[in-house]
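S.K.: here's a sequence, model it:
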Amino acid sequence: MCTVIIDVELGDVRMLAVRDEDPQRDWDDLGPWWPETYPDVIGIRDRRAGGAWLAYDPEAGRLAVLLNRADLLDVPADQLASRGAVVLESVAGRSPEGTPRTHGFNLLEVSPEHSRVLTWNGAALRETPVTPGVHMIAHDDLDDAATPRIEKWLPRFRAEARETSDAPDWASHWIDLLAETTSLDPTDDRAIIRDNRGHGYPTLSLLYVTAEVGSEVVNAGSHILSRPGHWN
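M.R.: Model prediction:
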């Protein structure tokens with residue numbers, strides 16, 4: 001039940017992404033973990049399946065991040081591929097098509113020229129363009145007001161983005177607002193830094209990433225929470 005906030009302007013994209021995952025599932029922080037298959041890619045690796053939650057290619061100017069989504073599939077898990085491979089293929093320029101053999105997802109693809117969400121629910125793959133402005137996405141649709149954290153915090157992030165549009169330290173302002181959201185208990189469904197166990201999932205917020213994708217730069221920085229589900 002991850003969360004992403006994205007600000008799209010012509011030729012420049014800013015993003016804050018929060019990762020929720022089972023703390024018992026091993027992973028590696030941002031690094032070049034795929035030197036043979038994806039030599040230019042930097043990402044956060046899932047050790048179990050070998051894929052990525054978020055990854056980017058500085059040379060190609062592409063970034064992708066994946067959020068799990070409920071699906072309509074009734075297929076044994078051993079017959080499905082890891083969703084982490086979708087991220088790596090996307091950054092390599094090969095977006096999912098047709099009927100992916102994975103569980104459901106929202107795949108956010110970012111480049112200076114074009115950003116979009118590809119949604120797979122097990123029955124159909126559809127595309128939602130990310131238009132200029134500030135948007136949020138979690139486990140449902142882009143800017144879905146039925147998602148409590150989006151309904152609560154999207155207006156605040158839009159206001160913050162307007163106030164800091166020219167600030168070179170925009171990321172610190174967004175992080176300050178993220179810290180403010182932790183005034184809510186992590187079990188509150190409006191929270192962004194989350195403990196999802198009460199909602200039936202074994203996942204907690206583990207880290208957040210700030211990233212910028214522009215015509216001249218693609219970079220990202222990660223910040224690991226010292227205690228899953230809680231602000232440092």
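S.K.: report the rounded mean pLDDT for stretch 100-118.
M.R.: Across stretch 100-118, pLDDT averages out at 94.
S.K.: pull up the distance across that stretch, start to finish.
M.R.: 11 Å (C-alpha to C-alpha, to the nearest Å).
S.K.: put the alpha carbons of stretch 57-66 into PDB.
M.R.: Provided in PDB are the C-alpha atoms of stretch 57-66 (Å, rounded to 0.1, in the frame of the first residue of the first chain):
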ATOM      1  CA  ASP A  57      18.300   5.000 -15.700                       C
ATOM      2  CA  PRO A  58      20.100   8.300 -15.600                       C
ATOM      3  CA  GLU A  59      21.400   8.000 -19.200                       C
ATOM      4  CA  ALA A  60      18.000   7.100 -20.700                       C
ATOM      5  CA  GLY A  61      16.100   9.600 -18.500                       C
ATOM      6  CA  ARG A  62      13.500   7.200 -17.300                       C
ATOM      7  CA  LEU A  63      12.200   6.300 -13.800                       C
ATOM      8  CA  ALA A  64       9.500   3.800 -12.800                       C
ATOM      9  CA  VAL A  65       7.900   2.800  -9.500                       C
ATOM     10  CA  LEU A  66       5.400   0.100  -8.800                       C
END
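S.K.: can you give me the buried ones in that stretch?
M.R.: 57, 61-66 (16 or more other C-beta atoms under 10 Å). From N, CA and C alone the C-beta is placed, and that goes for glycine too.
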